[in-house]
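please work out how this folds:
(one chain, ligands or ions: 1)
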Amino acid sequence: MRPRVVINFACSLDGKIALKGGKAFRFSNLEDLTRVHRMRSESDIILVGKNTINLDDPKLVVNEKYYKSDRIPDVAILDSNLTVNRNARVFSYPRRVVIFCRRGVEGDIFDQSVASRVEVKNSPDKVLRSDFVVQELGNMGYKSVMIEGGKSVITSFITDNNWDEISIFYSPILVGDEGIPMFGTLREPMRLGHVETEELGDGILMKIKKAL
Ligand SMILES: NC(=O)c1ccc[n+]([C@@H]2O[C@H](COP(=O)([O-])OP(=O)(O)OC[C@H]3O[C@@H](n4cnc5c(N)ncnc54)[C@H](OP(=O)(O)O)[C@@H]3O)[C@@H](O)[C@H]2O)c1
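Numbers count the residues shown, from 1 in each chain. Alright, predicted model coming up:
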């Protein structure tokens, strides 16, 4: 069965998700961090792109500072050529980490020295497509997927129509035009769906639900 896919990210008021050169910046306030960590605790698997792992080195766990839960969600990484940093912090927790790569890439890159159980899934195509990833996650039994960036992953899952809900936290910060935008190139404007907004501390949470 196809899992439910929720895309979540935080950005500046001018729609940037990172600073110049991709340098990470914490746009979330305490209220949003509480929401994000609760969402992680309720998700079966968190999905990110390889650049987010290599640039930001996120742990992708539920931090008890923000939300109390014993759950350590599994992680999926999109990484066509298996160039993800093997010393990244995401691998230091007892959980399954699934790395999706393209057809023909040799899968056995991890020894048993990391705490995570790392599995490599090759796409049947030369290009790793979000359709394959979502279908495969469903086949693996995952029911809820939380996508946490970055820009390329957000762009491909939205343009491929592989999403059910998008949560964007807007922080009252301006980054300027050298920041990394939330979205990449589009052939034409896309109408997404129904928008709900909520004040969250000094920022605004926008939830976009797909039009039925
Ligand atoms: N504010 C936030 O909430 C937030 C959250 C996360 C990240 N970020 C920021 O996002 C930036 C990274 O974004 P990014 O666009 O450079 O990288 P990304 O989306 O994290 O990763 C993109 C890479 O994933 C691989 N990939 C494989 N299959 C893909 C597919 N179907 N669709 C998309 N990507 C696929 C590609 O590398 P290969 O060709 O090697 O496979 C691609 O270059 C960082 O600056 C980070 O700080 C912000």
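
interface residues of the chain facing the ligand?
With CB under 6 Å from any ligand atom as the criterion, the chain meets the ligand at residues 9-11, 17-18, 22, 24, 27, 48-52, 55-56, 78-81, 83, 128-130, 148-153, 156, 180. To be clear about C-beta, it is placed using only N, CA and C from the backbone, and glycine gets the same treatment.

from the residues you listed, keep the buried residues only.
9-11, 17-18, 22, 24, 27, 48-52, 55-56, 78-80, 128-130, 148-151, 153, 156, 180 (16 or more other CB atoms under 10 Å).

what residues does Glu165 make contact with?
Residues in contact with Glu165 (CB atoms under 8 Å, 6 or more residues apart in numbering) are Arg4, Val5, Val6, Ile7, Lys207, Ile208, Lys209, Lys210.

ok but Val97 is inside a helix, no?
No. According to DSSP: H, G, I helix; E, B strand; the rest coil, Val97 belongs to no helix; its state is strand.

what about it, neighbour count?
Neighbour count for Val97, taken as other CB atoms under 10 Å: 25.

give me the pLDDT for it.
pLDDT recorded at Val97 is 97.

sketch out the strands for this structure, chain order is fine.
4-11, 16-18, 45-49, 74-78, 96-101, 117-122, 144-147, 165-170, 180-181, 193-200, 203-210 (DSSP state E).

dump those strands into JSON lines; add distance to Glu31 as well.
Below are the strands of the chain laid out as JSON lines (distance: least, CB to CB, whole Å):
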{"stretch": "strand 4-11", "distance to Glu31": "11"}
{"stretch": "strand 16-18", "distance to Glu31": "19"}
{"stretch": "strand 45-49", "distance to Glu31": "20"}
{"stretch": "strand 74-78", "distance to Glu31": "25"}
{"stretch": "strand 96-101", "distance to Glu31": "29"}
{"stretch": "strand 117-122", "distance to Glu31": "34"}
{"stretch": "strand 144-147", "distance to Glu31": "18"}
{"stretch": "strand 165-170", "distance to Glu31": "9"}
{"stretch": "strand 180-181", "distance to Glu31": "24"}
{"stretch": "strand 193-200", "distance to Glu31": "4"}
{"stretch": "strand 203-210", "distance to Glu31": "8"}
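
what is the least confident helix or strand in this protein?
The least trusted helix or strand in the chain, going by mean pLDDT, DSSP states H and E, turns out to be strand 117-122, with a mean of 94.

ok now stretch 97-106, how far from the chain's centre?
The chain centre lies 17 Å from the centre of stretch 97-106; the measure is CA atoms, centre = their mean, to the nearest Å.

show me which residues of that stretch are buried.
Within stretch 97-106, the residues that count as buried by 16+ other CB under 10 Å are Val97, Val98, Ile99, Phe100, Cys101, Arg102, Val105.

also stretch 122-140?
Neighbour counts over stretch 122-140 (16+ other CB under 10 Å) mark Asn122, Ser123, Leu128, Arg129, Ser130, Phe132, Val133, Val134, Glu136, Leu137, Met140 as buried.
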